[in-house]
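*Asks:* Kindly generate the corresponding structure for this input.
(one chain, ligands or ions: 1)
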Amino acid sequence: MKNGFFRGHGLGNDYVVMDPTELTFTLTPGKIRGICDRHWGLGSDGILALVPSKKADFGLRIYNPDGSEAEKSGNGLRIFARYLHATGKTKKRAFTVETKGGLVSIALHIDRHGDAAAATVEMGRATFQPSALPCTLSVDELIQQPIEAAGRALQFTGVSVGNPHCVIFKQAGETWTREELLALGPVLENHPLFPKRTNVQLAVPTGPKEIFILIWERGAGETQASGSSSCAAASAAVRLGLVKGPVTVKMPGGTLNIEVARDFSLTMKGPVAEVARGALSPSFVRTLR
Ligand SMILES: N[C@H](CCC[C@H](N)C(=O)O)C(=O)O
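*Replies:* Next up, the predicted model:
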């Protein structure tokens, strides 16, 4: 369908999937911002674009609502997988997807309605090396490093799962407030330590194998859930000895299960929902800049 879209979400982290070969325009940063605008456009936490791949069954480009491009998106990959199955672009129940942040493999879980209602994604390997984020600190690993934000002296653990993450822990029994997220999120996202910016998680252990996170995403701000954030925070919690895997990651939008192998290879399992399919109106497309 001309200018067609497929809208889905993973735990309230919503995306719009598009096939650029069906679009009458190019997905430029300005047009992405216009489509993702919650009031003047379709509204979305990002756009997922189906692209060719020579290395995997499918290629995926991930765009944040500010028009920037991301290397990985865990919820995005589950939504993309559901799109491929629901639109008949694949008959397979397991396949590979090439992203800027590496090649991932996905297995669909089909429900009694025949829908791909959940997916398991091999998300690659977490690393704490500054060069992977990137981060300008000259240390071997970004484990509990000092950082100042909003007048607070904090400690962060930096993780890359293809995209960059800055994880800040409170001790078990303490809580993070949304006010703290709104104060710390944008400052940390744009902190000079992170030349390509970063995603931010305010995390707290809530059990021997469970954490809770509030999420401020690079290029998107506060989101209800984030798959790559869950992977990063779970990896950091295991690396710091705060929890044992597999880690249950709770977020405002719900729960993801993250297996963290000894080499920090990550397996994410979680639900995915389809909301709607449709097409952008020609008059709306004409407003895109
Ligand atoms: N904003 C992120 C990409 C989306 C990640 C999140 N929605 C997920 O489910 O992993 C970034 O710039 O790296």
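
*Asks:* mind listing the helices for the stretch 101-250 of the chain?
*Replies:* 178-189, 227-239 (DSSP state H, counting those that start in this stretch).

*Asks:* Compare the ones you listed and give me the one nearest Phe95.
*Replies:* For the helices of the stretch 101-250 of the chain, the distance to Phe95 is smallest for helix 227-239, at 17.3 Å, taking Cβ to Cβ. Any C-beta I mention is one placed from the backbone N, CA and C, and that applies to glycine too.

*Asks:* In CSV, list the helices of the stretch 101-250 of the chain along with mean neighbour count, distance to Arg277 and mean pLDDT.
*Replies:* Formatted as CSV, those follow (neighbours: other Cβ atoms under 10 Å; distance: least, Cβ to Cβ, whole Å; pLDDT from 0 to 100):
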stretch, mean neighbour count, distance to Arg277, mean pLDDT
helix 178-189, 18, 32, 98
helix 227-239, 29, 22, 98
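
*Asks:* Kindly present these as a markdown table, with separate columns for distance to Gly245.
*Replies:* Below are these laid out as a markdown table (distance: least, Cβ to Cβ, whole Å):
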| stretch | distance to Gly245 |
| --- | --- |
| helix 178-189 | 25 |
| helix 227-239 | 5 |
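
*Asks:* Out of these, which is closest to the ligand?
*Replies:* Smallest distance to the ligand across those (Cβ to the nearest ligand atom): 3.2 Å, for helix 227-239.

*Asks:* and Lys244, how far is that from Arg262?
*Replies:* 12 Å (Cβ to Cβ, to the nearest Å).

*Asks:* With Gly253 instead?
*Replies:* 29 Å.

*Asks:* what about the two, which has more around it?
*Replies:* Gly253 (18 against 7; other Cβ atoms under 10 Å).

*Asks:* ok, now which ones touch the more buried one?
*Replies:* Gly10, Leu11, Gly12, Asn13, Thr223, Gln224, Ala225 (Cβ atoms under 8 Å, 6 or more residues apart in numbering).

*Asks:* filter the residues you listed to the buried ones?
*Replies:* Buried members of the contacts of Gly253, counted by 16 or more other Cβ atoms under 10 Å: Gly10, Leu11, Asn13, Thr223, Gln224, Ala225.
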